[in-house]
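In: Next come a sequence and a model predicted from it.
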Amino acid sequence: MTLLQRDRENIELGREEGREEGSISATKILKLYNKGMDNESISSSLQLDLEYVNSVIFDYEND
C-alpha cells in the first residue's frame with residue numbers, strides 16, 4: 001500500500017465518522033426541539049454551533 005492509498009482510506013474513514021456524528025447530533029437536536037426546547041438552549045446544551053442547530057430544525061420543519 002502506498003502512502004497515497006493510505007491517506008485516501010484515512011480521509012474516507014474520517015468522512016464516514018463525520019456523517020455518523022452529524023446524524024447523531026441531528027437526532028439529539030430534534031429530540032430536544034420536540035420537547036419544546038428553543039434553538040439557543042439546544043445549541044448550548046449540546047455544545048453545537050447555533051447555525052447548525054437552526055439548519056437542522058429548518059430542514060426538519062420544511063421536509
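Out: Perfect, I can see it now. Numbering: from 1, shown residues only.

In: How far does the top helix by length along the chain sit from its chain's centre?
Out: When the chain is parsed with DSSP state H, its longest helix is helix 3-34. Centre-to-centre, helix 3-34 and its host chain are 8 Å apart (Cα atoms, centre = their mean, to the nearest Å).

In: buried set for it?
Out: Residues Ser25, Ala26, Ile29, Leu32, Tyr33 are the ones in helix 3-34 that count as buried (16 or more other Cβ atoms under 10 Å). The way it works is simple: take the backbone N, C-alpha and C, and place the C-beta from them, glycine included.

In: cool, stretch 48-60 as well?
Out: The neighbour-count check on stretch 48-60 (16+ other Cβ under 10 Å) flags Leu48, Val53, Val56, Ile57 as buried.

In: Ser55 sits in which helix or strand?
Out: Taking DSSP states H and E as the definition, one finds Ser55 inside helix 50-61.

In: In space, what's closest to Leu50 - neighbours in sequence excluded?
Out: Excluding the flanking residues, the one nearest Leu50 by Cβ to Cβ, 6 or more residues apart in numbering is Ser43, at 4.3 Å.

In: angle of the one helix or strand the one you found maps to against helix 50-61?
Out: With elements delineated by DSSP H and E, Ser43 resides in helix 39-46, which encompasses its position. Relative orientation of helix 39-46 versus helix 50-61 (axes from the mean of the first three to the mean of the last three Cα atoms, to 10 degrees): 120 degrees.

In: send the alpha carbons of helix 39-46 over as CSV?
Out: Output of helix 39-46 as CSV, limited to C-alpha atoms (Å, rounded to 0.1, in the frame of the first residue of the first chain):
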residue,chain,number,x,y,z
ASN,A,39,-32.7,26.6,19.4
GLU,A,40,-30.3,28.6,21.6
SER,A,41,-30.7,26.3,24.5
ILE,A,42,-30.2,23.2,22.3
SER,A,43,-27.1,24.7,20.9
SER,A,44,-25.7,25.5,24.3
SER,A,45,-26.6,22.1,25.9
LEU,A,46,-25.2,20.1,23.0
